[in-house]
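In: sequence plus predicted model, see below.
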Amino acid sequence: MRLQNVDLNLFVVFDAIYTERNLTRAAERLCITQPAVSNALSRLRTSLNDPLFIRTPKAMMPTPVAENMIGQVREALKLLSSSMQLGDSFDPLLAEHHFQLGMFDVTEETMLPSLLAALQVHAPRLSISSYPVSREEMLKEFVSGRLDLAIDAPIVTHPDLYHHPLVTVPYVCLVRKDHPEVGDSLTLEQYLALSHVHVSSRRQGVGYVDAALNRLGKHRNIQVRTKHHQAAPKLVAETNLATTVPESLAKNTDLKVLKLPFEVEPIEWHLYWHRSADQDNANRWLREFITALMQGQG
């Protein structure tokens, strides 16, 4: 198959069918008729010599060929769209754009409120979706078009993913204000004598804090392990437990905030985007806006 013999609009239809898994909904998404979608699919099937989608009682299911194509097709469409926008200016006050952000609960809780408040002033017509994206799925989500930006630690590496530092946050220890064993400061011995709430998305393994203690030949007693950062302060408020969290989370609690009695590497948050969006005016504007806002708060 020679590219010059294929109508590139067929790949726009292909993307819509893959997303909707239904010809009628794909037609509505593209603002064309259902017969036009059927005709486009028929032409693409002929060009690629593959059915691409198999009709089932529930949906149009992609064939292995379609599954293998979709990532590169979406990246190509995004690159084409970006290249067409290079000469267009982006006016945040007038733009009606929807951005999809990958954020964990800790960054969502500490960064999203101020971001939305600032956007209401500087870009009132923009809308945001925020959801967690695993590091294993980040590249796939960017390529599929389901993700515009992501905030994560600088652990994810791939040549197609660009990122830069956003903010660095130290860790602190939280206990309830009337804790019977803790005053206004904390020694290492006191810290190790406490029982702790540990926050991790994993069932096992150590984090930054325990790695730092291990280097000192020390070990803390983890009594509770939870997946959500929001849960830890609430557990601490009702018990004699302690928790060690990024300092940004401590600002929204009524707990005693204590400096750690040992060195822990602060957590770094980086802003990620796909290389295909690097020159996209809307994406670039939001990257710069988030960076300036977060670094200004830091």
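Out: Received the coordinates, thanks.

In: least trustworthy helix or strand in this structure by mean pLDDT?
Out: Taking mean pLDDT, DSSP states H and E as the measure, the helices and strands of the chain show their lowest mean at helix 64-85, namely a mean of 83.

In: past that one, which element shows up next along the chain?
Out: Towards the C-terminus, the helix or strand next in line after helix 64-85, according to DSSP states H and E, is strand 98-102.

In: residues in contact with that next one?
Out: Counting by CB atoms under 8 Å, 6 or more residues apart in numbering, strand 98-102 makes contact with 126-133, 138, 141, 146-152, 272, 282, 286, all of which sit outside it. C-beta: built from backbone N, CA, C; applies to glycine.

In: okay, it in CSV with CA atoms only?
Out: Once non-C-alpha atoms are left out, strand 98-102 reads as follows in CSV (Å, rounded to 0.1, in the frame of the first residue of the first chain):
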residue,chain,number,x,y,z
HIS,A,98,-10.3,20.3,27.5
PHE,A,99,-7.1,19.1,29.1
GLN,A,100,-6.5,15.6,30.6
LEU,A,101,-4.1,15.5,33.5
GLY,A,102,-2.5,12.5,35.1
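
In: so Pro159 belongs to a strand, correct?
Out: No. Note on Pro159: no strand contains this position according to DSSP: H, G, I helix; E, B strand; the rest coil, which reports coil.

In: for the closest residue to it other than its chain neighbours, list the residues it contacts.
Out: The shortest distance from Pro159 to any residue that is not its chain neighbour, by CB to CB, 6 or more residues apart in numbering, is 7.8 Å, and that residue is Arg275. Applying CB under 8 Å, 6+ apart, we find Arg275 in contact with Pro159, Asp160, Leu161, Tyr162.

In: in JSON lines: those, plus neighbour count, distance to Phe99 and pLDDT.
Out: Below are the contacts of Arg275 laid out as JSON lines (neighbours: other CB atoms under 10 Å; distance: CB to CB, whole Å; pLDDT from 0 to 100):
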{"residue": "Pro159", "neighbour count": "6", "distance to Phe99": "24", "pLDDT": "91"}
{"residue": "Asp160", "neighbour count": "11", "distance to Phe99": "19", "pLDDT": "91"}
{"residue": "Leu161", "neighbour count": "16", "distance to Phe99": "17", "pLDDT": "94"}
{"residue": "Tyr162", "neighbour count": "16", "distance to Phe99": "16", "pLDDT": "95"}
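
In: for those residues, give me CSV that also has distance to His97.
Out: Below are the contacts of Arg275 laid out as CSV (distance: CB to CB, whole Å):
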residue, distance to His97
Pro159, 27
Asp160, 22
Leu161, 21
Tyr162, 20
